[in-house]
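Colleague: kindly return the folded structure for what I paste below:
(one chain, ligands or ions: 1)
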Amino acid sequence: MRFTRLRLNGFKSFVDPTELVIAEGLTGVVGPNGCGKSNLLEALRWVMGENRPTAMRGGGMEDVIFAGAATRPARNFAEVGLSIDNGDRLAPSGFNDSDILEIVRRITRDAGSAYKVNGKDVRARDVQMLFADASTGAQSPALVRQGQISELINAKPRNRRRVLEDAAGIAGLYQRRHEAELKLTGAEQNLARVEDVIEQLA
Ligand code: ATP
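Modeller: Now for the predicted structure:
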C-alpha cells in the first residue's frame, strides 16, 4: 500500500482546495516558517483517524477547520482525502475491490467527523483498522513530530516497545485483542445479570 495523493480543503491554513501528488521515492516538503509544512503531516494523521486534538496542536477537533484570516472568512468544514495504491490488494476485506482507495474525512462545525472510503460511508474504526493492518496510522512512528526524537530517547521502555511493535506490524492485532476483551467483559456482565434474574425467579 503506497500513499499516492493528498487532497485538502479548508484544513487549517489550506483554505483553498489543494492537491499533492505523492510520487514514488522520497518526497521533501520545503518552505518558509509557518507556510504549513507541519499542517500537511497533521492532515495525514487526521485522515488516518487521529482523534486527539492535542496531536493537531488544537484545543478541540474543530480547530482543524480554517479559522479565517484578514481577507477570508472562516470555513464551516474541513476535508482531507488520502489516496492509496491498493494494487497489491493488501487492504482488509470489504475494501479490496479497487486498485485505488480514497479515504476521506470531513469535519463540519457542530456535526463532528464523517469518513468515506471510495465514496461509501464507513466508521472511524474501519479506517483506523485499515491503516493499522498496513502497519501505519495516525500514531505511526513513521510520522515524526518536531521534538519526538528526544521524547523517544527519554521514553520509558514500555513506550519504546510500542514503536517496535508498530514496526513489526502487530498494532492491528493489539487493537483487535482490545476489542475482543471489551466484548468479553460485556458478555460476562450480561451473564451475571441473567444469573441474578434466574436467582430471583427460582
Ligand atoms: P515551521 O517551519 O515554523 O515549523 P510550518 O511550515 O510547519 O512552520 P505550520 O506549523 O504547518 O507551518 O503552519 C502554521 C500556520 O498554519 C500558521 O500560520 C497558522 O496560523 C496556520 N493555521 C493553523 N491552524 C489554522 C486554522 N485552523 N485556520 C487558519 N490557519 C491556521
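Colleague: list the buried residues of the longest helix seen in the chain.
Modeller: Ranked by number of residues, the top helix in the chain under DSSP state H is helix 171-201. By neighbour count with 16 or more other Cβ atoms under 10 Å, helix 171-201 contains the buried residues 171, 172, 175. (Each C-beta comes from the backbone N, C-alpha and C, glycine too.)
Colleague: which secondary structure elements does it contact?
Modeller: helix 124-133 (3 or more Cβ pairs under 8 Å, 6 or more residues apart in numbering; DSSP states H and E).
Colleague: doesn't residue 8 make contact with residue 43?
Modeller: Yes: using Cβ atoms under 8 Å, residue 43 is in contact with residue 8, at 5.5 Å.
Colleague: what touches both of those two?
Modeller: 14, 80 (Cβ atoms under 8 Å, 6 or more residues apart in numbering).
Colleague: helices along this structure, start to end?
Modeller: 37-47, 124-133, 148-153, 157-167, 171-201.
Colleague: what residues does the first one touch?
Modeller: For helix 37-47, the surrounding residues in contact (Cβ under 8 Å, 6+ apart) are 3, 6, 8, 11-14, 20, 29-31, 50, 55-57, 64, 80-82, 103-105, 127, 138-139, 143, 145-146.
Colleague: any of those residues buried? List them.
Modeller: The neighbour-count criterion (16+ other Cβ under 10 Å) marks 6, 8, 11-12, 14, 20, 50, 56, 64, 80-82, 103-105, 127, 138-139, 143 among the contacts of helix 37-47 as buried.
Colleague: that older thread, so which of the helices of the chain comes closest to residue 112?
Modeller: Residue 112 lies closest, by Cβ to Cβ, to one member of the helices of the chain: helix 124-133, at 9.8 Å.
Colleague: which strands or helices does that closest one pack on?
Modeller: strand 100-108, strand 112-117, helix 171-201.
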